[in-house]
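Peer 1: have a look at this fold, sequence not included:
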């Protein structure tokens, strides 16, 4: 039995989807994700020297933050493009030498002037958490935990910021799940304030960074 003529005409007017195309539900938008560091240049990042900071170099597609006397690192230049909530930042990081944090990710929380820092491997090489919550740094607040990090081994770091929560995963393990509604979220007073609103830094340690991505959440 042949289909009615109007049905044939209707099908002929519909767009043809390719094999890799999936129709989206009404109002559904594709997730926005982009590389902040693509391994090709450091043009979008600015080195910050607070005095005795190590140099930041591009080597084989990897950002190398060399060991300095204290803090060393880079600040993301395109601050006007940054979301301040409902986003995730992910990256790969490893410690090349030193005994303190090899990756400190400073990030905005609700406002470009309101930031905090995710510390990976601080206070002797293992403390991981957010500085600061209610003016208490990662070594003493509820976000802090002890994680074992091996030298010259890549670790996948993922941070999620929402209006009510900060969450962090190291590889596939969630290490931070902190409700922030009604809490004070801020930077630890001191040199880290020079690395706002979005930055990657190390402390007396050489770290390697690659595949820095930003994803805006629905």
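Peer 2: It's in. Note that this is a predicted model, so its numbers are computed, not measured.
Peer 1: what does the pLDDT read for residue 30?
Peer 2: We have a pLDDT of 44 for residue 30.
Peer 1: begin at 505 from here
Peer 2: New numbering, starting at 505: the last item is residue 534.
Peer 1: can you find the helix or strand of this structure with the lowest average pLDDT?
Peer 2: When the helices and strands of the chain are scored by mean pLDDT, DSSP states H and E, helix 509-517 comes last with a mean of 40.
Peer 1: give me the below-cutoff pLDDT ranges for the protein.
Peer 2: Residues of the chain meeting the criterion pLDDT under 70: 505-535.
Peer 1: the residue nearest to the spatial centre of it: helix or strand, and which one exactly?
Peer 2: The centre of the chain sits closest to residue 593, judged by C-alpha atoms, centre = their mean, with a distance of 2.8 Å. For residue 593, the element it lies in under DSSP states H and E is strand 591-602.
Peer 1: which strands and helices sit next to that strand?
Peer 2: strand 607-615, strand 659-666, strand 703-707, strand 709-720 (3 or more C-beta pairs under 8 Å, 6 or more residues apart in numbering; DSSP states H and E). Every residue, glycine included, has its C-beta placed from N, CA and C.
Peer 1: paired strands for the helix or strand just after the second one, with orientation please.
Peer 2: With elements assigned by DSSP H and E, the helix or strand that comes after strand 659-666 is strand 669-674. If you go by DSSP bridges, strand 669-674 pairs up with strand 659-666 (antiparallel), strand 677-683 (antiparallel).
Peer 1: quick one, phi/psi of residue 622?
Peer 2: Residue 622 has phi and psi values of phi -90, psi 120 when expressed as degrees, to the nearest 10.
Peer 1: coming back round to it: how about the strands paired with strand 669-674, which one is nearest residue 698?
Peer 2: Nearest to residue 698, of all the strands paired with strand 669-674, is strand 659-666, at 20.1 Å by C-beta to C-beta.
Peer 1: helix, strand or coil for residue 584?
Peer 2: The three-state assignment at residue 584 reads helix, by DSSP: H, G, I helix; E, B strand; the rest coil.
Peer 1: report how many residues lie close to it.
Peer 2: 6 (other C-beta atoms under 10 Å).
Peer 1: next one: residue 556
Peer 2: By other C-beta under 10 Å, the residues close to residue 556 number 11.
Peer 1: check for me that it belongs to a helix.
Peer 2: No - looking at residue 556 with three-state DSSP, it is coil, so not inside a helix.
Peer 1: wouldn't it be in contact with residue 695 here?
Peer 2: No - using C-beta atoms under 8 Å, residue 556 is not in contact with residue 695; the gap is 10.3 Å.
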